[in-house]
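A.B. asks: Model the following, please.
(chains A and B)
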Amino acid sequence: MMNPAMRLAGDEQRAARAWDVLHTVLDPEVPALSVCDLGIVRDVVAHPDGVEVVLTPTYSGCPATEVIERSVIDAVNEAGLGPARVTLQRAPAWTTDWISESGKRKLREYGIAPPSGEAAVNQDRPIRLVPRHAIECPRCGSKNTERLSAFGSTACKSLYRCVVCREPFEYFKPL
Amino acid sequence: MTTPSIQVEQAPSVQYLLRLGDTALILAQRLGEWCGHAPVLEEDIALANIALDLIGQARAVLTRVGQLGGQGLHEDQLAFLRDERDYRNATIVELPNGPGRPGDFAFTVLRNAMMATWFRLMWERLRESSDSELAAIAGKALKEARYHQQHSADWAVRLGDGTDESARRMRAALDMLWRYSAELFESDDVDSWAAANGLGPRWDSLREPWLAEMREMLDEARLPMPADSAFRSTGKTGVHTEHMGYILSDMQYLQRAYPGGAW
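C.D. replies: Coordinates of the predicted model:
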């Protein structure tokens, strides 16, 4: 029979190792970011019978959610920490503010402008959509950019073009 | 062989949530019809993205219906195995996408603006729901509805205050759609129960804030604010237009023909 204090230490260690593993699980739609960079891992709890990972989904209809759940479970199991299970926690709702600083840097390097300015949800007047604040081109850094499309290749992005270097780029919408 | 239909219980909590979830689901189904047909690529993507958010919201709400009801129903059973009279969406979302095929973009823009404003107001109130799961769904959906409202209202202004042709189509869309908005602000016993138990607001309590936002949008779009109409549609009580059966036959065909089919 294991000493409870030892078991506690063991649980903490297993949770810490699971966190390390989660840093290697990538978002299938933005593979520059791990699920930790994205800020969707709310908690990791080691139970006597396995590891529980608490995730917060990004968008209600995001088709990547189920893929991410599967990848998280597979990665934790492959690391020998399983059996892993995922619990979805909707509240508080995910916000792009939870994307880590290193995540924002990785997005920029990947060619996606990280979320900036005011999230739509924080503006008190919903009418008049087109964002008037300047979005910085992730390639040349110019703020002389224009929006091409309010919605992009995935639910979380819109499409922009840099007027200076002429490159189109994606913008991670603040939410 | 076909899959037998399911009947859902009449408990007011279940009915209240079905009205919400079905309204999101059927609007999503209509928007999905635009996929590959919208006038420009950007709006094709926009309509599909809005549909995707609405499907996500509908899935969450229908899952909650399954948990609250005593029947242990799955979201897919609720979506694919209910008959027309057991669908509880407001009629406005089942109307075809305007005249012609694949529809009229002005009509879709206006309906989206009307519905996104309504959903946004509804989700704002539902964040305070006594049902913590519904409150959590609302917290997420609210952010999405705001983006939908911004996008649709922006287009409504652009078209209403645009060319003679775009303004004419917006006025025609307003003529067709406005009378169906009354149903979004009608309350009955289901609402009274939901309000008394803190599940969610009476629909009629959303009317004034909705009208104020519509007035603002229509003013900016240089479109006339329509007068109230005595007409009342009844989709949320299960009595639908002739269009509803066609939507369901499209949407439910696979599960009816291949029960339990998955991929």
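
A.B. asks: what about stretch B:68-81 and chain A, touching?
C.D. replies: No. Using C-beta under 8 Å from any C-beta of the partner chain, stretch B:68-81 never reaches chain A; the gap is at least 12.6 Å. (Glycine included, C-beta is placed from N, CA and C.)

A.B. asks: What's the local residue count around A:R42?
C.D. replies: Neighbour count of A:R42, defined by other C-beta atoms under 10 Å in any protein chain shown: 15.

A.B. asks: Pull up the residues of the stretch 51-200 of chain B that are close to chain A.
C.D. replies: B:52-57, B:59-60, B:117, B:120, B:132-133, B:135-137, B:139-144, B:146-147, B:149-151, B:153-154, B:157.

A.B. asks: Count the neighbours of residue 100 for me.
C.D. replies: I went with chain A, as the question did not name one. Counted with other C-beta under 10 Å, A:S100 comes out at 14.

A.B. asks: look at chain B instead
C.D. replies: Neighbours of B:G100 (other C-beta under 10 Å): 9.

A.B. asks: and it, what helix or strand is that in?
C.D. replies: For B:G100, there is no enclosing helix or strand under DSSP states H and E.

A.B. asks: Which helix or strand lies directly C-terminal to the host helix or strand of B:G56?
C.D. replies: Per DSSP H and E, B:G56 falls inside helix B:41-68. Downstream of helix B:41-68, the next assigned helix or strand under DSSP H and E is helix B:75-80.

A.B. asks: what packs against that next one?
C.D. replies: helix B:12-32, helix B:41-68, helix B:244-257 (3 or more C-beta pairs under 8 Å, 6 or more residues apart in numbering or on different chains; DSSP states H and E).

A.B. asks: check which helix or strand covers the nearest residue in space to A:P57 that is not next to it in sequence.
C.D. replies: The shortest distance from A:P57 to any residue other than its chain neighbours is 4.8 Å, reached at A:T65 (C-beta to C-beta, 6 or more residues apart in numbering or on different chains). Per DSSP H and E: A:T65 is located in helix A:64-78.

A.B. asks: and the residue of chain B found nearest chain A, what does it touch?
C.D. replies: At 2.8 Å from chain A, B:G56 is the closest residue in chain B, using C-beta to the nearest C-beta. Neighbouring residues of B:G56 by C-beta atoms under 8 Å, 6 or more residues apart in numbering or on different chains: A:59-62, B:144.

A.B. asks: and of the residues you listed, the nearest to A:D74?
C.D. replies: Relative to A:D74, the closest of the contacts of B:G56 is A:C62; by C-beta to C-beta it sits at 19.0 Å.

A.B. asks: Tell me how many other residues crowd the closest residue to that closest one other than its chain neighbours.
C.D. replies: Nearest residue to A:C62 in three dimensions, chain neighbours excluded: A:A155, at 5.4 Å (C-beta to C-beta, 6+ apart). The tally of other residues near A:A155 (other C-beta under 10 Å) stands at 24.

A.B. asks: ok but A:A155 is inside a strand, no?
C.D. replies: No. Using DSSP: H, G, I helix; E, B strand; the rest coil, the assignment for A:A155 is coil, not a strand.

A.B. asks: My guess is it contacts A:T65. True?
C.D. replies: No. With contact defined as C-beta atoms under 8 Å, A:A155 does not count as touching A:T65 (10.4 Å).

A.B. asks: Identify the contacts common to the two.
C.D. replies: With C-beta under 8 Å, 6+ apart as the test, A:A155 and A:T65 both reach A:T58.

A.B. asks: How are the helices of chain A distributed by residue range?
C.D. replies: A:4-22, A:35-38, A:64-78, A:101-110 (DSSP state H).

A.B. asks: Which pLDDT does the model give A:A9?
C.D. replies: Note for A:A9: predicted pLDDT of 65.

A.B. asks: Can you get me a residue count around residue 94?
C.D. replies: Just so you know, I chose chain A. Quick note: A:W94 (other C-beta under 10 Å) scores 25 neighbours.

A.B. asks: Actually, chain B is the one I wanted.
C.D. replies: Neighbour number of B:E94 under other C-beta under 10 Å is 27.

A.B. asks: Pretty sure it sits against B:I247.
C.D. replies: Yes. B:E94 is within contact range of B:I247, at 6.0 Å (criterion: C-beta under 8 Å).

A.B. asks: any common contacting residues for those two?
C.D. replies: With C-beta under 8 Å, 6+ apart as the test, B:E94 and B:I247 both reach B:26, B:30.

A.B. asks: quick one, helices of the stretch 151-263 of chain B?
C.D. replies: Listed from the start of the chain, the stretch 151-263 of chain B has helices (DSSP state H, counting those that start in this stretch) covering B:164-177, B:189-196, B:207-220, B:244-257.

A.B. asks: Buried ones in the last one, by neighbour count?
C.D. replies: The one in question is helix B:244-257. By 16 or more other C-beta atoms under 10 Å in any protein chain shown, the buried positions in helix B:244-257 come out as B:244, B:247-248, B:251-252, B:255-256.

A.B. asks: send the alpha carbons of stretch B:221-235 over as CSV?
C.D. replies: Taking Å, rounded to 0.1, in the frame of the first residue of the first chain, the C-alpha atoms of stretch B:221-235 are listed here in CSV:
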residue,chain,number,x,y,z
ALA,B,221,-29.4,51.5,-44.3
ARG,B,222,-32.0,54.1,-45.4
LEU,B,223,-34.7,51.5,-45.3
PRO,B,224,-38.2,52.2,-43.8
MET,B,225,-39.1,50.7,-40.5
PRO,B,226,-42.1,48.4,-41.4
ALA,B,227,-45.3,48.7,-39.5
ASP,B,228,-46.5,45.9,-37.2
SER,B,229,-48.6,43.2,-38.8
ALA,B,230,-51.4,41.2,-37.4
PHE,B,231,-50.0,38.0,-39.0
ARG,B,232,-48.6,35.4,-36.6
SER,B,233,-46.5,32.4,-37.7
THR,B,234,-46.5,29.4,-35.5
GLY,B,235,-43.4,27.3,-36.1
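
A.B. asks: Only the buried residues of that stretch, if you could.
C.D. replies: B:221, B:223, B:233, B:235.

A.B. asks: what's the closest of the contacts of B:G56 to A:A32?
C.D. replies: Distances from A:A32 to the contacts of B:G56, taken by C-beta to C-beta, are shortest for A:C62, at 16.8 Å.

A.B. asks: Please tell me how far the residue nearest to A:P57 sits from A:A84.
C.D. replies: 16 Å (C-beta to C-beta, to the nearest Å).
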